[in-house]
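In: Compute the structure for the input listed below.
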Amino acid sequence: MNQSGRSLGKEPILIAFPKGRLGDELLSRLEGTALALDQKALRSRVLRIPTATPQVQVLLLKGTDLPRYVAAGVASLGIVGSDTLDEMDVDLLELADLQFGACRLSLCGVEGLSLDALKHKPHLRLATKFLKATGAWLKREGLTAELVPLQSSVELAPILGLADAIVDLVQTGETLKAHGLAEISVLGTTSSRLIAARVAYLADPERLRPLAAEIIRLLCNK
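Out: Numbers count the residues shown, from 1 in each chain. Next comes the predicted model:
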């Protein structure tokens, strides 16, 4: 039985996939495989999207919501960026690093701004949605700063004077260049992770473990 009391053996397995950049790369990697999404259903408003494997369906979610759906047992498995997991306190199993969607978590500012210059500011302000990771970096560096929480358009913060610099994910750096920004320091790296609902994974290993292994095989060998 899963956490809502339903029989796992009689219902389709639900996997949570992320929306956005990571989700686009994921769907591209799964094209033509046993876990490819039904394209007609994908274009519709249907909530559960069938895959090429019977009894396996997908739920598309925003990255910040996805771990909560998995932790609550709504979805048995999920794929999400490690940056999202690092910012949340949720009870789930992390099964594998899927080794795609890699990004740098970087301190960025206007071109020409140095880390030394930031360290000497009397009141440093950093805009980011990665509050825990930024706080941990500041502690390692022996710095203090006011953290300005932003969920989107973080690149505008140093341009418009909301913050001295930002901490954000960087993949190619093109978005930074377009806003006249550059990386100052790399705080760490992120990648996609396969996660599982603890109760569901332990209660239904006959179905979930082979499916998890197939996801790892399909994605890590691309």
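
In: Tell me the helix or strand right after the helix-or-strand element of the chain with minimal mean pLDDT.
Out: Of all the helices and strands that make up the chain, the one with the lowest confidence by mean pLDDT, DSSP states H and E is helix 39-43; it has a mean of 91. From helix 39-43 onward toward the C-terminus, using DSSP states H and E, the following helix or strand is strand 49-50.

In: Pairing partners for that following strand, with directions?
Out: Taking DSSP bridges as the criterion, strand 49-50 sits next to strand 56-61 (antiparallel) in its sheet.

In: quick one: contacts of the least confident helix or strand of the chain?
Out: The contact list for helix 39-43 (C-beta atoms under 8 Å, 6 or more residues apart in numbering) reads Ile49, Pro50. All C-beta spots, glycine's among them, are computed from the backbone N, C-alpha and C.

In: how far does stretch 13-32 stretch from start to finish?
Out: Across stretch 13-32, the straight-line distance between its terminal residues is 20 Å, by C-alpha to C-alpha, to the nearest Å.

In: Give the buried residues for it.
Out: By neighbour count on 16 or more other C-beta atoms under 10 Å, the buried set for stretch 13-32 is 13-18, 22-23, 25-27, 29-30.

In: The one helix or strand Pro158 maps to: which residues count as buried?
Out: Counting by DSSP H and E, the element that carries Pro158 is helix 156-160. Of all the residues in helix 156-160, those buried under the rule 16+ other C-beta under 10 Å are Ala157, Pro158.

In: and that helix, what does it pack onto?
Out: With contacts defined as 3 or more C-beta pairs under 8 Å, 6 or more residues apart in numbering; DSSP states H and E, the secondary structure elements packing on helix 156-160 are strand 103-110, strand 165-170.

In: Go again with 10 Å.
Out: Counting by 3 or more C-beta pairs under 10 Å, 6 or more residues apart in numbering; DSSP states H and E, the packing neighbours recorded for helix 156-160 are strand 103-110, strand 125-128, strand 165-170, strand 181-190.

In: Adding mean neighbour count, mean pLDDT and distance to Gln55, write the ones you listed out as CSV.
Out: Compiled in CSV, the helices and strands packed on helix 156-160 are given as follows (neighbours: other C-beta atoms under 10 Å; pLDDT from 0 to 100; distance: least, C-beta to C-beta, whole Å):
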stretch, mean neighbour count, mean pLDDT, distance to Gln55
strand 103-110, 21, 97, 33
strand 125-128, 24, 98, 41
strand 165-170, 24, 97, 35
strand 181-190, 17, 96, 32
